[in-house]
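**Student:** quick one, what's the 3D model for this:
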Amino acid sequence: NKLSCICVEVSVSLLSVSKGGRPSPTPSLPNFLHHHFPSLVPIPLLSPPKNAPRPHHSTTPTPRSAMSDPEIYTVGWICAVTAEFVAAQAFLYEEHPGPRQTARHDNNSYVLGKTSGHNVVIATLPNGQYGTTSAATVARDMRHSFPNVRIGLMVGIGGGAPSQKHDVRLGDVVVSSPHSGHGGVFQYDFGKTIQNRKFQDTGFLDQPPLLLLSALTTLKGKYEMKGHRLIDGVNKNLEKIKKKSEYRQPTLSSDRLYKSHIIHPSKSPHGCNVDCNNDTASLIVRHERGEEVDNPAIHYGLIASGNQLMKDAYIRDLLIKEKDVLCFEMEAAGLMNHFPCLVIRGICDYSDSHKNKEWQGFAAMMAAAYAKDILSQIAPNTVEAEKPIPNSKRGQFVVPFRRDSDFVNRPDIWSWIETRYAGSEMCFALVGLGGFGKSQVAIQFAHQAHDASPDTSIFWVNASTKATFQDSYRSIVEVLELPHRHNPGVNILALLRDWLQREDVGRWLMIVDNADDVEMLTKTNDQKDPPMPIASYIPKTGNGKILVTSRSWDAAEKLTDNGKMIMRVTKMEEIQALQLIQKKLSQDVDEVAALRLADFLDHIPLALNQAAAAAYIHRRSRATTQSYMDELQKSEKRKDALLRSDRGDARRYDGVSNSVVLTWQLTFEQIRKEQPRAANLLSLMSCFHSQNIPAYMLHRYNSDFSSVEGSDDDDSGDLEDDLDVLQGYSLVAMTATSGFCEMHPLVQFCTQTWIRESGCLERWNRLFLQSASKHFPSGVFETWEQCQTLMPHLQPLLDQEPSEESDRLEWSNLATNVAFYLTELGDYSRAEVIAQDALSIRIGSLGRQHHFTLTSMTYLAFAYKGLGQFRKAEELEVQVMETRKTVLGRNHPDTYRSMAHLAVTYNLQKRWEEAEELDVPVMEAYLRVLGEKDPETLLVMGDVVAIYRNLGRWEKAAELAERVMDISLKQLGKEHPNALLSIENLAEIYRSQMRWEEAEKLQEQVMNSRKEVLGENHPFTLASTCILVLIYKEQGRLGEALQLQEQVVEIRKRVLGENHVDTLRNISEVAVILGKQKRWKEAENLEAQVLETRKRKLGEEHPDTLASMNRIGVIVGDQGRWEEAEEPFTQALEMRKSVLGETHSKTLTSMSNLATTKKNLGKWKEAEELQAQLVETRKRVLGEDHPDTRLSISVLTAWRVEFLGKGRS
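**Tutor:** This is a model prediction of the structure:
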């Protein structure tokens, strides 16, 4: 470059030597150079040796087409209006073709050329679109299309800010220069206008690049030395402009500075000459500039930039006074932080209402002239050594966690984030319990967003504490190299917030992680470090988005200001949990075992990570997940130890545990500190089962509950608020069913561990017991729904009796009601155990005659009856009845109830006369006192119906049964168990009367209703099905009977098991039907299996075992194999006499079967004696009119006739 300049001077010197118009003799070039440049060292290569190769670039000029290559342009020159664009082009001494290509979506128009030795690209803002945002867009697109632009110039016109300190006049030039803590440009509309029209500075802008500042210093010195010759440059380049008059310097008389209170009428079509006075009263008088002052003058200092045109002299003067501003304009603030440049403004008006377009062209030319001069101070090779502007402002990635290669996508969360990220709202949040994967999703999204848009900056802020928040901001500020970050006393939080809130800052995403502490976020710090709440330092405007992760809904709502911008993150779906286990183990996994483990850990990501990270899981084979599952289920202690393990994900903060237990206990402690009532509520809820927790049991958790007398209303006002707190932390949730809550099983377990370690477990278990005892209902049909809801919560309580006496009584109250409910459900075995434990406590604490003790005895007797243990039931019920007669009197309602209960037992024992003797007086008393519509009266009437039916009093039974059925259906409804029982009683009567069609219709109704109300597995449902089987069988519809009976057997096997007593009874009924179908072999084999199982499980003398012996005899006898039938019949009869008694109905049935067998074997005398004994016993037990008695008499009579006919006496 120096050589080319010397050559130019040489050519000029050579041509300038002339005398009288004739050129002088030309001296040799070396002599000329030595004469004019004595210090120049000759370089031999200037005269290359012979045959030396000649360099290509020295002989071949750069083709014009190459000048359209965007890569060769290093200076970016931006203009705002047409006058500026014209002036810029006027100062190019070369104009190049347009660019051969531009970046996609670049809408700028460019002029390319050269000035002061630099390749310059000039762009202007779109017509009519002024301001910082438009300028930033033009600069951004220029950087994309011209990637090697190293320095920038913003050149054009501006409004002057004259003051006594700075004599700024029209046509002067103002150059941005660092001043009073600013980088040269002050963005005044980013300040906050407050009372008295003052401005509060809240933002900082970058200063121009050092290279331009150095050139500025050099040029300023030259101007000080020799003055500028900008006017000469303007006048010279005016020749290139067709409309020269618009760009010449106007007369000085048109430079008028009005006093601030003189305002030009806004709607006037006239100029200031007409509407504004030009006398000394309106104008500020200024003296002519002296010889030592350049005119126009060059000023260096602060330029105020804003999105609105400054035309208010009062505000102008305020900013001059407060900020020492020299000039106002509208574009520079959009460039400084993304297109570092020098701002050069020619003054065309005084930033007041007296706008003066007359000076715009000349002001633009002056600014362009200065721009050319500043470029002349910079060597092109120096510019090329600078970094391109795009590289210096590329998006930053400040995220402390690497991408997770094992990440499992959760489409619902991911789609929600993407939608919000692309939407109009600035801040959105993920809320969920710790360990649910919020931060992991945020980490992955941060990497994804940066990959998709490298120009987008990603910032990660740890909002766990005030200190971590400040540290995160400080790290980001350092990476961004924000100006003034090292100034003493600078507020780093405000510095970053204000910078991000700028409209000219590129796109960014800030992730505010772990924003859990509402108090930390929203309360002002008394120590004033920082002085404002932390939440106030999170940007509210700008070109960015904010993704918040929090455990607290309240905290997220404070930051988003919009509940619709919050998504609650729940546990993983099953397939996602399985994928996470498979990825973490990096080996083949037993899928079934992995799914079981995922279910056990409730699909919670942190817990699954823990499981996968357990050391021995990596050392074992396919059984490893099952092994971990087995370990978890060994004991609560082992489960706690495994869930405390700190192995797991490395993408967590230092000191933050991977343990589910420890992670959640931090949340529990935070709630205890901030909301102690809510912590109490959580403690109580942990005593429940995790699902369907009834809100009506969540009371008195904030009061002294040493007594059970407290009211549920004591803290009813707090409950909703405290539930909201726990919901906000995602610890509990309201279910779809109103009034019920739920919590994750692992949350429940960890809460229990927490309160146990706090020494409070016994306290909360006591309150839970009191609440359960108070709220578990009696167990009658109307309360079944409530009982069903509460039962899952009570199992831990029922499994262990408390030690404290007061707690034991509470427990017995609860257990007694539960026992009755289980009896109603047909779960007699569980009812027996619970009722027995309740009875033992009450006998020990209250005595045998206490009302509560007698109730427990009664309910235990109900369980015994359901199990077929009638003698045990009778013993208890007799004791209850006699005690009540003694204590309460014979006519007391409770006494009558105990009599009715005992009557049912007698009826089941086929002691029908005794049952009638007890139950009929009770029925009459109930009818007299309570009336026939009372539910208890109807129940006793139904019991009497069963007694009449068993006694063979068909007409009386049918009449009473129809009456009971009609009233029950009206009073109780067709689905009530007692109403169904009344229908079934009538169906049984019709069956006994062989009124098959009527019986079948009623029994089908009962069976279908019980299936709907009780379920197909309930004992009552199966019992009604078995009665329908009898109706089919007695009609000879054996196929239908067998199909129904086999269905019953399958349900019994599934629910009770193959060897259960009831299952075996139903299998035996299948054998009977097979025998009726003459499928002898199948029937005999099946019954033989039942017999062997019963002998093994029940013993040889059990009534059911004897029933099997009897049925094998029937099956064999029906085939005519009487010799084989005689032995089982004989054994069954003898053992039934011994076990059941000689008058039991089953004993008499065996007697009848053996008599028939003896008769068919020709043993007439033994047959007749047995049958005669049968008749006499039935007469005595059942009476002469009972159908069974009459049938026995008929058989004996027929045999005697047959015997006489064969010569037998």
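**Student:** report the next helix or strand after the one helix or strand Ile671 maps to in sequence order.
**Tutor:** Assigned by DSSP states H and E, Ile671 belongs to helix 660-674. Beyond helix 660-674 in the direction of the C-terminus, DSSP H and E gives the next helix or strand as helix 676-685.
**Student:** need phi/psi at the nearest residue to Pro208 once chain neighbours are set aside.
**Tutor:** Distances taken as Cβ to Cβ, 6 or more residues apart in numbering put Leu342 closest to Pro208, at 4.6 Å, once the chain neighbours are dropped. From N, CA and C alone the C-beta is placed, and that goes for glycine too. Dihedral pair for Leu342: phi -100, psi 130, per degrees, to the nearest 10.
**Student:** can you count the residues close to Leu342?
**Tutor:** 26 (other Cβ atoms under 10 Å).
**Student:** can you read off the pLDDT for it?
**Tutor:** pLDDT recorded at Leu342 is 94.
**Student:** that one contacts Val173, doesn't it?
**Tutor:** No - taking contacts as Cβ atoms under 8 Å, Leu342 lies outside contact range of Val173: 11.6 Å.
**Student:** helix, strand or coil for the closest residue to Thr663 other than its chain neighbours?
**Tutor:** Spatial nearest neighbour of Thr663, chain neighbours left out: Gly434 (4.6 Å); criterion: Cβ to Cβ, 6+ apart. Here Gly434 is recorded as coil under DSSP: H, G, I helix; E, B strand; the rest coil.
**Student:** separation between Gly434 and Ala577?
**Tutor:** Plainly put, Gly434 is 17 Å away from Ala577 if you go by Cβ to Cβ, to the nearest Å.
**Student:** okay, the host helix or strand of Lys1011 in PDB with CA atoms only?
**Tutor:** According to DSSP H and E, Lys1011 maps onto helix 996-1013. Extracted as PDB, the C-alpha positions of helix 996-1013 are listed here (Å, rounded to 0.1, in the frame of the first residue of the first chain):
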ATOM      1  CA  TRP A 996     -90.400 -73.600  38.200                       C
ATOM      2  CA  GLU A 997     -91.200 -70.800  35.800                       C
ATOM      3  CA  GLU A 998     -92.000 -68.300  38.500                       C
ATOM      4  CA  ALA A 999     -89.000 -69.400  40.600                       C
ATOM      5  CA  GLU A1000     -86.600 -69.100  37.700                       C
ATOM      6  CA  LYS A1001     -87.800 -65.600  36.800                       C
ATOM      7  CA  LEU A1002     -87.300 -64.300  40.300                       C
ATOM      8  CA  GLN A1003     -84.000 -66.100  40.800                       C
ATOM      9  CA  GLU A1004     -82.500 -64.700  37.600                       C
ATOM     10  CA  GLN A1005     -83.500 -61.200  38.700                       C
ATOM     11  CA  VAL A1006     -81.700 -61.700  42.000                       C
ATOM     12  CA  MET A1007     -78.600 -63.100  40.400                       C
ATOM     13  CA  ASN A1008     -78.300 -60.300  37.900                       C
ATOM     14  CA  SER A1009     -78.900 -57.600  40.500                       C
ATOM     15  CA  ARG A1010     -76.300 -59.100  42.800                       C
ATOM     16  CA  LYS A1011     -73.800 -59.200  40.000                       C
ATOM     17  CA  GLU A1012     -74.400 -55.500  39.400                       C
ATOM     18  CA  VAL A1013     -74.500 -54.400  43.000                       C
END
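**Student:** how far does it sit from the chain's center?
**Tutor:** 48 Å (Cα atoms, centre = their mean, to the nearest Å).
**Student:** in the helix or strand just after that helix, which residues are buried?
**Tutor:** For helix 996-1013, the succeeding helix or strand toward the C-terminus, using DSSP H and E, is helix 1019-1034. Across helix 1019-1034, burial judged by 16 or more other Cβ atoms under 10 Å covers 1019-1033.
**Student:** and stretch 727-741, by the same measure?
**Tutor:** Neighbour count says stretch 727-741 has 727-732, 740-741 buried, by 16+ other Cβ under 10 Å.
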